[in-house]
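# Let me see the structure of the following:
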Amino acid sequence: MSFFEAIDPVFSTYVFGNGPVKQLATGFDWVEGPVWFGDLNCLLFSDIPNDRILRWSPDGGLSTFRAPSNFSNGQTRDRQGRLITCEHGTRRVTRTEYDGGITVIADRFEGKRLNSPNDVIVASDGAIWFTDPIYGIFSDYEGHRSAQELPCNVYRVDPSGEIRAMLTDFRSPNGLAFSPDERRLYVADTGLPHSDDPCHIRAFDVAEDGRLSGGAVFHVISPGAADGIRLDSEGNVWSSAGDGVHCIAPDGHLMGRILLPERASNLCFGGRERHRLFITATTSLYVVALNRNGAL
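Numbering: from 1, shown residues only. Predicted coordinates:
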């Protein structure tokens, strides 16, 4: 069985012929939001319909980290190592403090409730960026069916707590990630549910003050959509897709695919040297060792 498909011959140097894609756990309904904790040697990820955050470690296997989790979705760590979580059920972004307490980062904009924060990243200046589509309020499967009060925007919360809508022309902004130098922001648009909206990744130039410009389509994923995206240290974009994970060069061309038997939803780099790619897919958690390292 081949686990990889090289479109550009250089992709063959990114993977190992003897490095298989391993299924670490399965039996879930829809998993997302993987985040690696190197200091604890574990991965956290969200089993959204079952309202829980799970923990996987090479020593202890699978366990429950938090249940209920307010239908948590995307997660990351801030520059102090704390867990930042997007919660569908409460329509907010939160931070888990060192003592386990929960701090609300954002739940409203201009007096109106957020939709269902989906994915989140933290810049080197401490600013928190997140996407806010309607997937968690569209039905009761990944949250609670509720009225939409705001457009589907991309937001930035600066260290002072001020929240700004940075991108307002998306149908359903989803995964997002910075280039290693943070001069470029990639944002996936996965479209409204049950629509024929285009699904693609757009790229924006980031000014020193955080302002964005550009926004042209960077790449169109096929099959599937770019639900979750992360970058390696060389600026290549690794994106979820309908057939696994796609690796896209900084100029936007497809270099290769990691093939999975089910639709991938999200991914993150982790492991000893951030050279292992953890992938959440429809019902399972996978990992593969790469000859590339994730961007810090």
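
# residue ranges with poor pLDDT in this structure?
Applying pLDDT under 70 to the chain flags the ranges 1.

# Which residue lies nearest the spatial centre of it?
Centroid-nearest residue in the chain: residue 228, 4.0 Å away (criterion: C-alpha atoms, centre = their mean).

# show me where the stretch 101-250 of the chain has strands.
Ranges of strands in the stretch 101-250 of the chain, per DSSP state E, counting those that start in this stretch, are 102-106, 108-109, 112-113, 120-122, 128-131, 154-157, 163-167, 173-178, 184-189, 200-206, 212-219, 229-231, 237-241, 244-248.

# Against which helices or strands is the last one packed?
Right, strand 244-248. strand 237-241, strand 254-259, strand 264-270, strand 276-281 (3 or more C-beta pairs under 8 Å, 6 or more residues apart in numbering; DSSP states H and E). Every residue, glycine included, has its C-beta placed from N, CA and C.

# how does it look with 6 Å?
strand 237-241, strand 254-259 (3 or more C-beta pairs under 6 Å, 6 or more residues apart in numbering; DSSP states H and E).

# And the longest one, by the same measure?
Under the contact definition 3+ C-beta pairs under 6 Å, 6+ apart, strand 212-219 sits against strand 200-206.

# ok, residue 33 to residue 162 distance?
Distance, residue 33 to residue 162, using C-beta to C-beta, to the nearest Å: 25 Å.

# Residue 215 too?
Residue 215 is 23 Å from residue 162, by C-beta to C-beta.

# now residue 122
16 Å.

# who's in contact with residue 91?
Residue 91 sits next to 113, 114, 116 when contact means C-beta atoms under 6 Å, 6 or more residues apart in numbering.

# next one: residue 185
Neighbours of residue 185 in contact, by C-beta under 6 Å, 6+ apart: 178, 204, 206.

# change it to 10 Å
121, 123, 129, 154, 156, 166-167, 176-179, 202-206, 210, 212, 214-215 (C-beta atoms under 10 Å, 6 or more residues apart in numbering).

# what do you get for residue 146?
Here residue 146 is in contact with 88, 89, 91, 113, 115, 116, 134, 136, 137, 138, 140 (C-beta under 10 Å, 6+ apart).

# Now the two most distant members of those.
Maximum pairwise distance among these (C-beta to C-beta): 16.9 Å, between 113 and 140.

# Compare these two and say which is more crowded by neighbours.
The neighbour count for residue 113 versus residue 140, taken as other C-beta atoms under 10 Å, is higher for residue 113 (17 against 12).

# All good on my end, thank you.
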